[in-house]
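1. Next comes the sequence, and after it the predicted model I'd like to discuss.
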Amino acid sequence: MKKIALFFIFLMTFFACETAIEIEVPKHDSSLVVHCNTSNLHGLTKAYVGKSVGILDNEEPQQIGDVEISIWKDGSWVSDFIYSEGDQVYLSETNYVIDGLGEYELRVKENDGTEHFITQRMPTAPSVKEPNYRALDLYDLFNDTNYDIIDFVLEDNDIGETEFYFAQGYIKYHSSGNFVPLFTFSENPILGRTPNGEGLIFSDESFNGKTIALSVNVSNHFYNPDFHDLYLRVSKITPEKFLYLESMARYQDALENPFAEPIIVYSNIPGGFGLFGIEHGELVLVE
């Protein structure tokens, strides 16, 4: 009985000392959000533009169609963008606006006259050799998928500053010629995941200026050699795009995890949020 009495006294003391603390969340000032991710492989360049909402706001983020967008290369105009109401996206008036080495600038002008200028320098082309397909039909329990393996050799010819890469498998339909990305993953620790399994990212810190043999796993659920060709897409990406993809992947991993550290998604939009990123890619047929 004595132990029970002490237990109830402890509970009363604990709850009596409980204090409610109100946290005042600062008012959110809506900012411009821009997402434009393009490469030399893209036809029309897409740009998504919206306004940010506060963490406690009930409204859904909406796309906006009243801004002016253009892309410039080395100070010269390349293309304006037109807003597509049906898709809620801005489309470049010109195909393949990212074409050749140089400094590209995305210019966004809001309807109140506020302007945003974001620059990216086109990386050099990647050098991919000896792509090889291994139809092993293995099973990965963690990703719950059957997969095959693509081996390739990457020649990192630029010695000096760290460079960043992106890799993903694709199938190309014989009938339509359309390319469809494949879920791509790897157990190699230097190859990092991207959001939603959209390929792999890595830097050349461990092989700067050298040649390295790499392998990636590609889901074979949709691949059929009778109807498709298999391709490997390897790109050099800007550091800003790498940081965005890396932070977004960590952000998704932290969702609904009460023990995870808060993740801030990288942004390179001055006065706003989002990303303007470019890449120099190669699509290599895998035999």
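-> That came through, no problem.

2. for the stretch 101-250 of the chain, which spans come out with low pLDDT?
-> Nowhere does the stretch 101-250 of the chain drop to pLDDT under 70.

3. center of this protein, which residue is that?
-> Relative to the mean C-alpha position of the chain, the nearest C-alpha, by C-alpha atoms, centre = their mean, is the one of Leu245, at 3.7 Å.

4. And the next helix or strand past the helix or strand hosting that one?
-> Secondary structure from DSSP states H and E places Leu245 in helix 239-254. Scanning forward in sequence from helix 239-254, with DSSP H and E defining helices and strands, the next element found is strand 272-285.

5. Just checking: what are the partner strands of that following strand?
-> Its sheet considered, strand 272-285 pairs with strand 32-39 (parallel), strand 228-237 (antiparallel) by DSSP bridges.

6. Kindly calculate the angle that that strand makes with helix 239-254.
-> Between strand 272-285 and helix 239-254, the angle formed by their directions is 100 degrees, by axes from the mean of the first three to the mean of the last three C-alpha atoms, to 10 degrees.

7. what is the mean pLDDT for strand 272-285?
-> Computed over strand 272-285, the mean pLDDT rounds to 96.

8. What of stretch 82-95?
-> Mean pLDDT, stretch 82-95: 94.

9. in that stretch, what's buried?
-> Of the residues in stretch 82-95, those scored as buried under the neighbour-count criterion (16 or more other C-beta atoms under 10 Å) are Tyr83, Val89, Tyr90, Leu91, Ser92. For every residue, glycine as well, the C-beta is placed using N, CA and C.

10. which other residues reach it?
-> Outside of stretch 82-95, the residues within contact range by C-beta atoms under 8 Å, 6 or more residues apart in numbering are 43-49, 63, 65, 67, 69, 71, 78-81.

11. cool, and stretch 149-159?
-> For stretch 149-159, the external contacting residues (C-beta under 8 Å, 6+ apart) are 124, 126-134, 136, 138, 163, 165, 169, 204, 207-218, 230, 232, 234, 284, 286.

12. Whichever of those residues end up buried, select them in ChimeraX.
-> What follows is the ChimeraX syntax selecting those of the contacts of stretch 149-159 that are buried according to 16+ other C-beta under 10 Å:
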select :126,128,131,133,163,165,169,204,214,216,217,218,230,232,234,284,286
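
13. Could you list which of the contacts of stretch 149-159 belong to strands?
-> Applying DSSP state E to the contacts of stretch 149-159, the entries found in strands are 127-134, 136, 138, 165, 169, 211-218, 230, 232, 234, 284.

14. quick revisit: Serialize the buried residues of stretch 82-95 to a markdown table and add fields for secondary structure and distance to Arg107.
-> Shown next, in a markdown table, are the buried residues of stretch 82-95 (DSSP: H, G, I helix; E, B strand; the rest coil; distance: C-beta to C-beta, whole Å):
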| residue | secondary structure | distance to Arg107 |
| --- | --- | --- |
| Tyr83 | strand | 15 |
| Val89 | strand | 17 |
| Tyr90 | strand | 12 |
| Leu91 | strand | 16 |
| Ser92 | strand | 13 |
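
15. returning to what we had before: tell me, how many residues neighbour the residue nearest to the residue nearest to the centre of the chain when sequence neighbours are not counted?
-> Nearest non-adjacent residue to Leu245, counting by C-beta to C-beta, 6 or more residues apart in numbering: Thr194, 4.7 Å away. Thr194 sits with 21 neighbouring residues when counted by other C-beta atoms under 10 Å.

16. wait, what's in contact with Thr194?
-> Remark: with contacts taken as C-beta under 8 Å, 6+ apart, Thr194 is in contact with Phe166, Leu200, Ile201, Leu245, Met248, Ala249.

17. gap between the last one and Ile201?
-> Counting by C-beta to C-beta, to the nearest Å, the gap between Ala249 and Ile201 amounts to 8 Å.
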